[in-house]
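In: When you get a sec, could you give me coordinates for this:
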Amino acid sequence: MACKQEVLALLEKQKGSRISGEAIAAVLSVSRAAVWRAIKDLQAEGHAIDASTRVGYRLQDSSDILSVEGIRPYLAPGFKGDLICYPILDSTNREVRRLALEGAPQGTVVLAGQQTAGRGRNGRSFFSPGDTGLYMSMLLRPDLATSSALLCTTAAAVAVCRAIDSMRGGSTGIKWVNDIYIDGRKVCGILTEGMAGFESGRIESIVIGIGVNYSTPLEAFPPELIGIAGSVFPGAVPTGVSRNRMAAAIIDSLLDLTNPLDASNFMDEYRHRSVVIGREVRVLQGSGVYTAVAEEIDDAGALWVRTPSGERRLLNSGEISLRPLNGSNW
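Out: Got it, this is the predicted structure:
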């Protein structure tokens, strides 16, 4: 690890507290001049570090730049995956898929402070501004039949809800199958992409992409998302909370629910958090669109709906909307 990263890791571990340049130099076995240069480089990158010749250095509580050094102190001790962080990336899912083909291990996580080509379901673009969002993808290598892939998405939805609730209190909701809601607005989308063996019919790897509107002001969303998209913290971010802490909470929760993947550990909670059960929805499957009432979610994560004619249908894929054809909220 380069000196700059070592200094940042030390400041992150003691975030909000001061530590002298002499103490940092002693811990890292480097010169005070090397510490000073590292601090200057970190400040130039945007890290909010107070520096005083008398009392040393302090990483401000408000400093919120996504980094490996900022995430690791908050991860559970048993985390052994690779952690990679970029200021800007085209797509975290795309990068993890590339790493998966190169043999990256279970639990590899790629994060970005901003995405230039973020994607949602059905190839749609995902609004991914810098500084106010959290974008991450994790590689899983489960031993699953392709028919069970939907469980990874439902597990990820519960994991994200738990992580968000631990940061803000309250209770988040889930719109089947992969959208996280707070107060009627979407604050997070999840995109799960799998690679399976053709002959075995088993899933070789799964990439779970998670995009969180962390602190994006409501007025900053593009016109087509106004009134639909929301943020976890649309106002002030609580003291002691950061994107690094939220990223660590999501990673820990996701690994806890998927290693091993057991529906009995999360499906009841997934159903409890559902914002669609009992509501009229618009179902989009392929080029077809129809209205129905969402009735129940089974243990495989599939959604049962009832059409106006009384026919019950099971949805393992596709998309539902809580918005009618004219675009207003139901």
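In: Could you list the domains of this structure?
Out: As assigned by automatic domain parsing, the chain contains the domains 3-59, 68-273, 280-321.
In: now these in TSV, with mean pLDDT?
Out: What follows is the domains of the chain, written out as TSV (pLDDT from 0 to 100):
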stretch	mean pLDDT
domain 3-59	92
domain 68-273	90
domain 280-321	92
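In: Highest mean neighbour count out of the ones you listed?
Out: Mean neighbour counts were taken over the domains of the chain using mean count of other C-beta atoms under 10 Å, and the top value, a mean of 19, falls to domain 68-273. C-beta: built from backbone N, CA, C; applies to glycine.
In: That one: end-to-end distance?
Out: Counting by C-alpha to C-alpha, to the nearest Å, you get 31 Å between the two ends of domain 68-273.
In: Same check on stretch 308-320?
Out: End to end - C-alpha to C-alpha - stretch 308-320 spans 16 Å.
In: what ranges do the strands span in the stretch 151-300 of the chain?
Out: 173-175, 179-182, 185-196, 202-213, 280-285, 288-297 (DSSP state E, counting those that start in this stretch).
In: where's I71 relative to V241, distance?
Out: The gap separating I71 from V241 is 14 Å, by C-beta to C-beta, to the nearest Å.
In: Same check on H47?
Out: Where V241 is concerned, H47 sits at a distance of 17 Å (C-beta to C-beta).
In: swap in A38?
Out: Taking C-beta to C-beta, one finds A38 at 26 Å from V241.
In: Kindly report the same for I250.
Out: Distance of I250 to V241, given as C-beta to C-beta: 13 Å.
In: do the same with V232
Out: 9 Å.
In: Which neighbours do those two have in common?
Out: Counting by C-beta atoms under 8 Å, 6 or more residues apart in numbering, the shared contacts of V232 and V241 are 167-168.
In: show me the contacts for F79.
Out: Residues in contact with F79 (C-beta under 8 Å, 6+ apart) are 107, 251-252, 255.
In: where exactly do the helices run in this protein?
Out: 3-13, 21-28, 32-44, 68-71, 92-101, 150-168, 243-258, 267-273 (DSSP state H).
In: Look up phi and psi at the residue of the chain positioned farthest from its centre.
Out: Distance from the C-alpha centroid of the chain peaks at R54, with 40.2 Å (C-alpha atoms, centre = their mean). According to degrees, to the nearest 10, the main-chain angles of R54 amount to phi -90, psi -40.
In: so how far is R279 from it?
Out: Look at R54 and R279: by C-beta to C-beta, they are 61 Å apart.
In: How about S147?
Out: Taking C-beta to C-beta, one finds S147 at 27 Å from R279.
In: now swap in D299 and tell me
Out: Distance of D299 to R279, computed by C-beta to C-beta: 21 Å.
In: ditto for W36
Out: Using C-beta to C-beta, we find W36 at a distance of 59 Å from R279.
In: same thing with N244?
Out: Counting by C-beta to C-beta, the gap from N244 to R279 is 36 Å.
In: for F233, same thing?
Out: For F233 relative to R279 (C-beta to C-beta), the value is 27 Å.
In: next one: S137
Out: 30 Å.
In: same question, T239
Out: T239 sits 37 Å away from R279, taking C-beta to C-beta as the criterion.
In: Give me the residue at the spatial middle of the chain.
Out: Centre-nearest of the chain using C-alpha atoms, centre = their mean is I210, 3.6 Å out.
In: Run through the residues that contact it.
Out: Contacts of I210 by C-beta under 8 Å, 6+ apart are 134-138, 156, 160, 188-190, 250.
In: Save the residues you listed as a markdown table, and put in distance to G227 too.
Out: Listed next are the contacts of I210 as a markdown table, based on distance: C-beta to C-beta, whole Å:
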| residue | distance to G227 |
| --- | --- |
| L134 | 22 |
| Y135 | 23 |
| M136 | 26 |
| S137 | 28 |
| M138 | 31 |
| A156 | 26 |
| V160 | 22 |
| C188 | 17 |
| G189 | 17 |
| I190 | 22 |
| I250 | 26 |
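In: Out of those residues, the closest to G118 would be?
Out: Minimum distance to G118 across the contacts of I210 is 6.4 Å, recorded for Y135 (C-beta to C-beta).
In: Could you point out the bridge partners of that closest one in the sheet?
Out: For Y135, the beta-bridge assignment (DSSP bridges) gives partners A112, G211.
In: tell me the contacts of it?
Out: Counting by C-beta under 8 Å, 6+ apart, Y135 has contacts 89, 92, 111-115, 118, 128, 209-212.
In: Compile these into JSON lines and extend it with columns for distance to R202.
Out: Below are these laid out as JSON lines (distance: C-beta to C-beta, whole Å):
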{"residue": "L89", "distance to R202": "30"}
{"residue": "T92", "distance to R202": "25"}
{"residue": "L111", "distance to R202": "28"}
{"residue": "A112", "distance to R202": "30"}
{"residue": "G113", "distance to R202": "35"}
{"residue": "Q114", "distance to R202": "35"}
{"residue": "Q115", "distance to R202": "30"}
{"residue": "G118", "distance to R202": "29"}
{"residue": "S128", "distance to R202": "32"}
{"residue": "G209", "distance to R202": "21"}
{"residue": "I210", "distance to R202": "24"}
{"residue": "G211", "distance to R202": "28"}
{"residue": "V212", "distance to R202": "30"}
